[in-house]
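K.L.:
okay, sequence plus prediction incoming.
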Amino acid sequence: TTGFGIIECGENQQDLVCAGTMKTDRRQELSERLLSPYTQAIALIRRFKPQVMVIEKVFVHYRHPTTAFILGHARGTFLCAAAACGIPVVEYSATRVKKALVGRGLASKRQVQRMVATLSKGVHLGSSLDVTDALALAIAYSNTLKNRLNQRIR
């Protein structure tokens with residue numbers, strides 16, 4: 001399961017445009033399972049025409065190498081979709097996103113979820129953690145852009 005979120009950025013707020021999850025069928029062969037998120041990502045990009053795709057950097061504990069391979073495959077589908085549509089990709093680590101939203105790099109997923117609901121109009125606390133993680137990436141990127149712009153103006 002992979003969460004996605006698209007926001008529109010205003011001066012002091014991020015409005016939810018679209019969010020959800022992409023799931024694959026475990027019974028399918030790997031190549032077929034990877035095609036599904038790729039085609040879904042292409043459809044979202046074509047429909048909403050985002051300016052950038054923000055994706056989480058992979059961090060996997062050495063005790064779980066299989067997880068790294070699975071995440072690598074999934075990330076590859078989204079990176080290829082972005083490249084196929086000419087969308088630039090920005091990568092943030094989970095700790096960077098948590099620090100940007102909550103102020104602590106070791107914040108819990110629930111803390112991030114609460115902050116996303118506070119910062120983004122249209123997001124509810126009952127939203128999937130996969131969705132709020134995706135939206136947290138988008139909000140962190142948006143805030144980074146605003147901070148850079150404010151520094152240039154001063």
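P.N.:
Sure thing, it's come through. Numbering: from 1, shown residues only.

K.L.:
switch to C-alpha atoms for all contacts and neighbour counts from now on
P.N.:
Noted.

K.L.:
how near is residue 45 to residue 65?
P.N.:
Residue 45 sits 31 Å away from residue 65, going by CA to CA, to the nearest Å.

K.L.:
what about those two, which has more around it?
P.N.:
Set residue 45 next to residue 65 and count neighbours by other CA atoms under 10 Å: residue 45 wins out with 20 against 10.

K.L.:
buried sites along the helix or strand in which residue 143 is found?
P.N.:
Secondary-structure assignment from DSSP states H and E places residue 143 in helix 129-153. Buried residues in helix 129-153, counting neighbours by 16 or more other CA atoms under 10 Å, are found at 129-143, 146.

K.L.:
who touches that helix?
P.N.:
For helix 129-153, contacts defined as CA atoms under 8 Å, 6 or more residues apart in numbering pick out 1-7, 9, 14, 19-21, 54-56, 92, 97-98, 100-101, 109-110, 112-113, 116.

K.L.:
in strands only, show me those.
P.N.:
With strands taken from DSSP state E, the overlap with the contacts of helix 129-153 comprises 2-7, 9, 14, 19-21, 54-56, 92.

K.L.:
wait, residue 42 touches residue 87, no?
P.N.:
No. When contacts are counted by CA atoms under 8 Å, residue 42 is not listed as touching residue 87 (10.5 Å).

K.L.:
quick one: least confident helix or strand in this protein?
P.N.:
Each helix and strand of the chain was given a mean pLDDT (mean pLDDT, DSSP states H and E); the minimum falls on strand 120-121 at a mean of 80.

K.L.:
and that one, what does it pack against?
P.N.:
Counting contacts by 3 or more CA pairs under 8 Å, 6 or more residues apart in numbering; DSSP states H and E, strand 120-121 is packed against strand 14-22.

K.L.:
following the strand it packs on, which helix or strand shows up next?
P.N.:
Helices and strands here follow DSSP H and E; after strand 14-22, the next one along the chain is helix 30-48.

K.L.:
by contact count, what packs against that next one?
P.N.:
In terms of contacts (3+ CA pairs under 8 Å, 6+ apart), helix 30-48 is packed against helix 65-85.

K.L.:
what's the angle from the helix it packs on to strand 2-9?
P.N.:
Between the axis of helix 65-85 and that of strand 2-9 there is an angle of 40 degrees, by axes from the mean of the first three to the mean of the last three CA atoms, to 10 degrees.

K.L.:
many thanks, have a good one.
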